[in-house]
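*Asks:* return a 3D structure for these sequence lines:
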Amino acid sequence: MDPEDLELHVLEFRDEGATPLQIRPYTAALRSQKPVLVIDNGSWNCRAGWSTDPRPPFSFYNLLAKQKGKKGEQEPIIIGGDLGQIENLRWMLRSPFDTNVVVQFGYQEVLLDYVLANMGLGEETHLDMPVLMTEPLLNLAYSRKQMNELLFECYAFPHVAYGVDGAFSYFKNMNRGLPDGLVISVGNICTHLIPVLNNQMDFGHCRRIDLGGLNMTLYLQRLLQLKYPVHASSITITRMEEILQGYCYYAANYSDALAKWRNRDFYKASALYFQLPFQAPTGPVATQEEIDARREENAQRLRDMNRKRYLEKLAQDEDRLEKLLTLQDLVKQKGQKSTKDDLKALGVRSVEGLQAEIQTLTGTITRTKERLERKAIEVPKESAAETVVDPETLKGWVIDLKEQRHRLVDQRSARKQRKTDLGKRRSYASQQRMKIITHLASGRTQTGKRLKGEDTFGMNDEDWLVYREINKEAGDSDSEEERMQLDEIEGLLLKYDAPFRKEYEKTQALASGAPPKSPEFYRLEVGVERFRVPEILFQPSLVGVDQMGIMETIEYMMREYPEDVQKRLAMNVFVTGGPANLPGMDERIRRDLGSCLPFDSPFRVSVAGNPSLDAWIGAADWAASTPLDQGFLSRKDYLEHGRDYFKDHKLSNKYAVPPPKPPTPAPNPEAKKGKF
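*Replies:* Just a heads-up that it's a prediction; the model follows:
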């Protein structure tokens, strides 16, 4: 089947912006249930709700935008769900996070005010409910200390608890338990690998990879912006998120997937096309006959321009040859010494160089004349009974033309690449060139044998091949002939092949920097990017990150455990986090995990039921089932133990007693003696 006959999968962008939140009243019935306020404080999305809710009722961008107000007035702030299209405010966006750690607590306070206001707590003078917040694995003590101060001093919560988001998701999917296993928590900024042993997290063997969902979105945006530089401003973060979350997947075998997508039929059948906003031009529309006449006129103009260019070059070569022949006769009459200035005036260094240039120009002129007199490519003739060309004959002829064009393009690309390589000092082509020149200068052949007698290089036809091998500008005559054939073929394809004409016009329009007013030129083709982008989690080198991928990190981690512990971990590999929503994650890990374990070891891989929301749901389940005196830090303990203290539990980070400060040495009075 011809790939051009396949139907394109054209999709429209939804362009859904942030949705404003609806205030949920804090009723007396809800107050009587004494729920816990649960906040999944992610670096990209924040989810909040009560521990009695089955799902988080509030989810919004964990961002805010500060607008410039009038002098002397407070700057207006747009938060979370009120941001709308975040691209319109991208220069004003602010985040409380640096990577996945909260560092800007002024912004964090504004976002917490926004949460409390939408949960019906904006008018409350006394917050008497406990609060549970998620935090990153191995969070910095300084960040937690500032968060403690914010929650206890600013909001006066009576009880506060913290927990790791990936551990909460694991807790929810393991039926509120914590069995032995390996948790792969893929976040927005980074990915954590958390081994769980003996009903607790093994922090000493946890690992972190500095890649996550945001890196995948930015990588996809960069790939498409480089592919379509004219539409760079329309390739936005939210549109890339839509493509990533809806149409990308993890390849079970990256190399095999690339090989499969090299097939043109498979590529055309599997590639997706996303339509960018397009406004049709107003005014009179040209008829099909006028369009065809205009295209024929453009094709003829292109052929005339090419022929004119070749005729001008032929005239220049003939004029140069005439001058060189005149100089050759003058050298024969007066000798080389008397015509030294004449040789220099024409840019010729010696009589031998004069003869070589005459020979070269003679051959070039002969070949150019032959090309200009060569018959054009024959077009299939109309049948005697009909006034149109047979479609099958025309289709086969077009296919032959395309094959000729591909062959010529490949030849020109190879010649251009060789010329580039000759300009590089350390390239193989440049080294071979210098090797040949060295042999010629030493009077030896390429096999190393010394030449006997006088130097006769250039007298044999085979020497021309050596000259072409070492000349950086070699191949210009053949390149001109190929370009002339290429122009003729492209002119015919423009006239008789509609798909080629569309692609050619699109290429020319993109090169000029102004796409034509037609919807097909406002489409983004997404092919191998569908699985190339998620692959960065397994091959960080694709985006220039010098770290191990997920499977290499698992293999490194497993080697630090005894064989029996490795088997316990491998029997429960659990994947969670937003990027785990993409299809193929479990299949990819299942395929590669066997090579990380002892021979013939059994293993099991599972993905969270709802990778994006299970962290909040697990936190809500834990908060509803945990007494306040076991996992929550009370205000009394906060005042007694200090700001950096928190009560740890099996789903939280470990509390480490800070080392005491070394005593300040007493001043030595003897050290001041003898000084003026």
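*Asks:* and after the lowest-mean-pLDDT helix or strand in the chain, which helix or strand comes next?
*Replies:* Using mean pLDDT, DSSP states H and E, the weakest-scoring helix or strand in the chain turns out to be helix 462-470, at a mean of 50. Counting by DSSP states H and E, the next helix or strand C-terminal to helix 462-470 is helix 476-496.
*Asks:* now do the buried residues in that next one.
*Replies:* Across helix 476-496, burial judged by 16 or more other CB atoms under 10 Å covers 480-482, 484-496. (Each C-beta comes from the backbone N, C-alpha and C, glycine too.)
*Asks:* ok, stretch 145-164 next?
*Replies:* Buried residues in stretch 145-164, counted by 16+ other CB under 10 Å: 145-148, 150-152, 155, 157-164.
*Asks:* tell me the mean pLDDT over that stretch?
*Replies:* If you average the pLDDT over stretch 145-164, you get 95.
*Asks:* now find how far off-centre it is within its chain.
*Replies:* 39 Å (CA atoms, centre = their mean, to the nearest Å).
*Asks:* then that stretch to CSV, C-alphas only?
*Replies:* Listed next in CSV are the C-alpha coordinates belonging to stretch 145-164 (Å, rounded to 0.1, in the frame of the first residue of the first chain):
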residue,chain,number,x,y,z
LYS,A,145,11.6,23.4,60.2
GLN,A,146,10.2,26.3,58.3
MET,A,147,7.1,24.4,57.4
ASN,A,148,6.6,23.5,61.1
GLU,A,149,6.9,27.2,62.0
LEU,A,150,4.4,28.2,59.3
LEU,A,151,1.8,25.6,60.3
PHE,A,152,2.1,26.0,64.1
GLU,A,153,2.8,29.7,64.4
CYS,A,154,0.9,31.2,61.5
TYR,A,155,-2.1,28.9,61.3
ALA,A,156,-2.0,27.4,64.8
PHE,A,157,-2.9,23.9,63.8
PRO,A,158,-3.1,21.7,66.9
HIS,A,159,-1.5,18.6,65.3
VAL,A,160,0.7,18.2,62.2
ALA,A,161,2.0,15.1,60.4
TYR,A,162,4.3,14.5,57.5
GLY,A,163,4.7,11.6,55.1
VAL,A,164,6.4,10.5,51.8
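*Asks:* for the stretch 1-150 of the chain, which segments count as helices?
*Replies:* Counting by DSSP state H, counting those that start in this stretch, the stretch 1-150 of the chain has helices at residues 28-32, 105-118, 141-149.
*Asks:* same deal with the stretch 401-550 of the chain?
*Replies:* Using DSSP H, counting those that start in this stretch, the helices of the stretch 401-550 of the chain run over 428-441, 462-470, 476-496, 498-512, 529-532, 550-558.
*Asks:* could I get the helix or strand that the last one is followed by in CSV with only the CA atoms?
*Replies:* Along the chain past helix 550-558, the next helix or strand (assigned with DSSP H and E) turns out to be helix 563-570. The C-alpha atoms that make up helix 563-570 are tabulated as CSV, following Å, rounded to 0.1, in the frame of the first residue of the first chain:
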residue,chain,number,x,y,z
GLU,A,563,20.5,-12.7,47.2
ASP,A,564,17.6,-13.6,49.5
VAL,A,565,16.8,-9.9,50.0
GLN,A,566,17.0,-9.3,46.3
LYS,A,567,14.3,-12.0,45.7
ARG,A,568,12.1,-10.4,48.4
LEU,A,569,12.3,-7.0,46.8
ALA,A,570,11.8,-8.4,43.3
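*Asks:* what packs against helix 563-570?
*Replies:* strand 181-186, strand 191-197, helix 550-558 (3 or more CB pairs under 8 Å, 6 or more residues apart in numbering; DSSP states H and E).
*Asks:* CSV please, covering those and showing mean neighbour count.
*Replies:* Converted to CSV, those look like this (neighbours: other CB atoms under 10 Å):
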stretch, mean neighbour count
strand 181-186, 26
strand 191-197, 22
helix 550-558, 19
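*Asks:* for these, which one sits closest to Y638?
*Replies:* Of all the helices and strands packed on helix 563-570, the one in closest proximity to Y638, counting by CB to CB, is strand 191-197 (27.3 Å).
*Asks:* next structured bit after that closest one?
*Replies:* strand 200-201.
*Asks:* so what are the sheet partners of that next one and their directions?
*Replies:* Using DSSP bridges, strand 200-201 pairs in its sheet with strand 191-197 (antiparallel).
*Asks:* the partner strand vs helix 550-558, what angle?
*Replies:* Counting by axes from the mean of the first three to the mean of the last three CA atoms, to 10 degrees, strand 191-197 lies at 30 degrees to helix 550-558.
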